[in-house]
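# here is my input, please return the structure:
(chains A and B)
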2 protein chains.
Amino acid sequence: MKKLIIASTSTVHGSEYLGYLLPTLAIFFEKAQTILFIPYARPSGISYDTYTEIAQKAFAKIDKKVKGIHEFENPKQALQQADAIFTGGGNTFELVNQLYKKDVIDTLKNVVENGTPYLGTSAGSNICGVTMMNTNDMPIVYPPSFKTLAFIPFNINAHYLDPIKNSKHMGETRETRIKEYHIFNETPVLGLREGSWLAVTGNQIILKGNLPALLFQKDKEPIELAMKTELNVLLN
Amino acid sequence: MKKLIIASTSTVHGSEYLGYLLPTLAIFFEKAQTILFIPYARPSGISYDTYTEIAQKAFAKIDKKVKGIHEFENPKQALQQADAIFTGGGNTFELVNQLYKKDVIDTLKNVVENGTPYLGTSAGSNICGVTMMNTNDMPIVYPPSFKTLAFIPFNINAHYLDPIKNSKHMGETRETRIKEYHIFNETPVLGLREGSWLAVTGNQIILKGNLPALLFQKDKEPIELAMKTELNVLLN
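Sure thing, here's the model as predicted:
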């Protein structure tokens, strides 16, 4: 049975890396000793090793080991044998690019569908949707496809940001960008504010955290979803 | 001889569409009676016709006619016969997608290289760079390539936005995104603030408008460029 935590962000303002999630993760990863870390998104371009150290430091607080997927000779086998998996944030284009280039996207999909617990934050959450088309990231590399893992039947817009009142900037708001997306695509989009996450257990998808999320559907007004909303029921 | 105006935005806060540029455009398009408009970027998903009407209304103020490229049966011929060309802003992914799908990218490159005056704003400016990899837009469609027209030997980040002081949002700043780009790419990036533009005449590229621009180069600190800087000299 699928088990995922799909979080808007790794870090909320003023707290440490994964800090706000650690109590939840201690339960979620209860049966895992070692977590396999996928560092491909390289936030600010940091190396796989440096990024893995950041994850190690956070998970040490709940007595979990972390090993980077790049430390294994065979990344497919690493995924197949993992107790649990965590994909960190960074640039979604580069993350997806590497998942395709290293030919691990199908293996990752299979093991998570078959029950390996999965945590995603930011870019690592974007790839849980049907496509990566609602990322906020810059297209710094050209991935072979925008198709992603489809663990949930909609897309994620991580770090969802409400329009800034009285802004004089003429660039599009997040809402306008998602509206443009729905001119060309049908898949719903969930705008997850920082500090919110989805808890996925089998087919059940529940909104968690302290903030409502925004659901965007083609040709409909966006809806604010209260905490504990079951998205699987809503989108059925 | 190449002649381009590459503008960060069509519209500055509190003024009308193209308003701040019209005095410059009256001179730039002096010899053109009709301007061929490329509406493919569809801001907010508006139709080609609606978008073309917006351009028509603005250019009527300086006695120019505007015709949308979609009104022609043969878009390549339309480009070849145009007095002048204007590509408006919107979504850069969809703009580039249509330029490739309609197979007009080479023709557009050729006619502009051979002297047809070209105005770009926002997405229409991003495509003047070597690639579209520094767009701020959402990847709502998957274009066949990120390569663009390379009228200038660097990339454009339109609507350049300085980091917002005291922001509690954890999403990446524009500067961080461009820094990530330079982990994987060599091409310099010019952050053009709203209200700034480049005037290109042959090989000469001059920064115009009231605001300095930011030049980002791999493994270097970004540099603020004063108005009237000649980028062709600087990057030589």
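# relative to A:Lys65, how far out is A:Val12?
Using CB to CB, to the nearest Å, one obtains 25 Å as the distance from A:Val12 to A:Lys65. In short, each C-beta sits where N, CA and C put it, glycine included.
# ok, these two, which is more surrounded?
For A:Val12 versus A:Lys65, neighbours defined as other CB atoms under 10 Å in any protein chain shown are more numerous around A:Val12 (20 against 12).
# that one reaches A:Tyr20, doesn't it?
Yes. When contacts are counted by CB atoms under 8 Å, A:Val12 is listed as touching A:Tyr20 (5.0 Å).
# quickly list what's touching both of those two.
Listed contacts common to A:Val12 and A:Tyr20 are A:Gly195; contacts here mean CB atoms under 8 Å, 6 or more residues apart in numbering or on different chains.
# check which helices and strands the longest helix seen in chain A sits against.
In chain A, with assignment by DSSP state H, the single longest helix is helix A:48-60. The helices and strands touching helix A:48-60, judged by 3 or more CB pairs under 8 Å, 6 or more residues apart in numbering or on different chains; DSSP states H and E, are strand A:34-38, strand A:65-68.
# out of those, which is closest to B:Leu99?
Evaluated with CB to CB, the helices and strands packed on helix A:48-60 place strand A:34-38 nearest to B:Leu99, the distance being 34.4 Å.
# strands paired with the closest one, and their directions?
Pairing partners of strand A:34-38, with direction, according to DSSP bridges: strand A:65-68 (parallel), strand A:84-87 (parallel).
# what does the last one rub up against?
Applying CB under 8 Å, 6+ apart, the set of residues contacting strand A:84-87 from outside is A:29, A:32, A:34-38, A:40-41, A:55, A:66, A:79, A:95, A:108, A:111-112, A:116-121, A:123-124, A:127.
# again with the first one
By CB under 8 Å, 6+ apart, the residues outside strand A:65-68 that reach it are A:33-37, A:39, A:48-49, A:51-52, A:55-56, A:59, A:86.
# please pick the buried ones from those.
A:35-37, A:39, A:48, A:51-52, A:55-56, A:59, A:86 (16 or more other CB atoms under 10 Å in any protein chain shown).
# low-confidence regions, chain A specifically.
Within chain A, no stretch has pLDDT under 70.
# quick one, strands of it?
A:3-7, A:34-38, A:65-68, A:84-87, A:118-121, A:155-157, A:189-191, A:197-201, A:204-208, A:213-216, A:223-225 (DSSP state E).
# let me have the ones you listed in JSON lines, extended by distance to B:Glu172.
What follows is the strands of chain A, written out as JSON lines (distance: least, CB to CB, whole Å):
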{"stretch": "strand A:3-7", "distance to B:Glu172": "16"}
{"stretch": "strand A:34-38", "distance to B:Glu172": "19"}
{"stretch": "strand A:65-68", "distance to B:Glu172": "22"}
{"stretch": "strand A:84-87", "distance to B:Glu172": "17"}
{"stretch": "strand A:118-121", "distance to B:Glu172": "14"}
{"stretch": "strand A:155-157", "distance to B:Glu172": "14"}
{"stretch": "strand A:189-191", "distance to B:Glu172": "17"}
{"stretch": "strand A:197-201", "distance to B:Glu172": "19"}
{"stretch": "strand A:204-208", "distance to B:Glu172": "24"}
{"stretch": "strand A:213-216", "distance to B:Glu172": "20"}
{"stretch": "strand A:223-225", "distance to B:Glu172": "25"}
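# quick one: A:Met146 and A:Val130 touch, right?
Small correction: residue A:146 is Phe, not Met. No. Under the contact definition of CB under 8 Å, A:Phe146 does not touch A:Val130, with a separation of 9.5 Å.
# residues in contact with A:Pro43?
A:51, A:88-91, B:172, B:180.
# returning to what we had before: and the strands paired with strand A:34-38, which is most packed in?
For these, average neighbour numbers computed from mean count of other CB atoms under 10 Å in any protein chain shown are highest in strand A:84-87, which has a mean of 25.
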